[in-house]
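Colleague: what's the 3D shape of this:
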Amino acid sequence: AVVSTQSTGGAAPMSALMQFADDEGMGGDKLETISLGQGQGPIAVKMINKAIQRGTWVVLQNCHLAESWLPSLEKICEETIVPERTHKSFRLWLTSYPSPKFPVTILQNGVKMTNEPPKGLRANLLRSYLNDPLSDPSFFSGCHNNHAFHKLLFSLCFFHAIVQERRKFGPLGWNIPYEFNESDLR
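Modeller: Below you'll find the model as predicted:
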């Protein structure tokens, strides 16, 4: 199965995907990832072919950056990934920003997910506290000075939430626009 994840600015799907893979028993050496870009296409093809046989998962990140390779990916999805020759546990995960060059047939034949940042300060704060590592009790209470640590953590999460909310206004009032997302909290 091909699963395509479309992200808007401020949303990073990889941490959730890694957690999902662990929950499904497909973490570790059963999950291979590659960030697409210059010259990464042949490496991705080898990963896909190996995973089809072994029944593992492959994540191709930033598909929007490999526009010239997307027709090859489309051909792989149409001709190589066929039920008769594909292990039932195989999954191909694709992450991309919306792109007009993304092959329509991949979108039509795969499962689609969108990942958007939460709307509002409260929802943003809640998401920060419910995601790893903040949701892990050993991390949250692991500091010897818990009171100061919790205040600092709240300040960081609150700042992150404000910047995320501020993004909808564009560069107004900011010198340089910056793409904040969940990975900035790590």
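Colleague: identify the residues contacting stretch 53-68?
Modeller: By CB atoms under 8 Å, 6 or more residues apart in numbering, the residues outside stretch 53-68 that reach it are 14, 17, 21, 26, 29-37, 40-41, 44, 47-48, 50-51, 70, 73, 87-99, 101-102. Placement of C-beta: from N, CA and C, glycine included.
Colleague: what are the buried residues along it?
Modeller: Burial within stretch 53-68, assessed by neighbour count using 16 or more other CB atoms under 10 Å, is assigned to 56-64, 66.
Colleague: so which of those residues are in strands?
Modeller: In strands, judged by DSSP state E, the following of the buried residues of stretch 53-68 are found: 57-61.
Colleague: what about stretch 22-41, start to end distance?
Modeller: End-to-end distance of stretch 22-41 (CA to CA, to the nearest Å): 26 Å.
Colleague: how distant is it from the center of its chain?
Modeller: Centroid displacement of stretch 22-41 relative to its chain, using CA atoms, centre = their mean, to the nearest Å, is 11 Å.
Colleague: do the same with stretch 105-121
Modeller: 10 Å.
Colleague: equivalent analysis for stretch 39-49, please.
Modeller: With CA atoms, centre = their mean, you get 19 Å for stretch 39-49.
Colleague: tally of neighbours for residue 99?
Modeller: 14 (other CB atoms under 10 Å).
Colleague: run through the strands of this protein in chain order.
Modeller: 2-7, 31-35, 57-61, 91-96, 111-115.
Colleague: and the last one, what's buried?
Modeller: Read it as strand 111-115. By 16+ other CB under 10 Å, the buried positions in strand 111-115 come out as residue 115.
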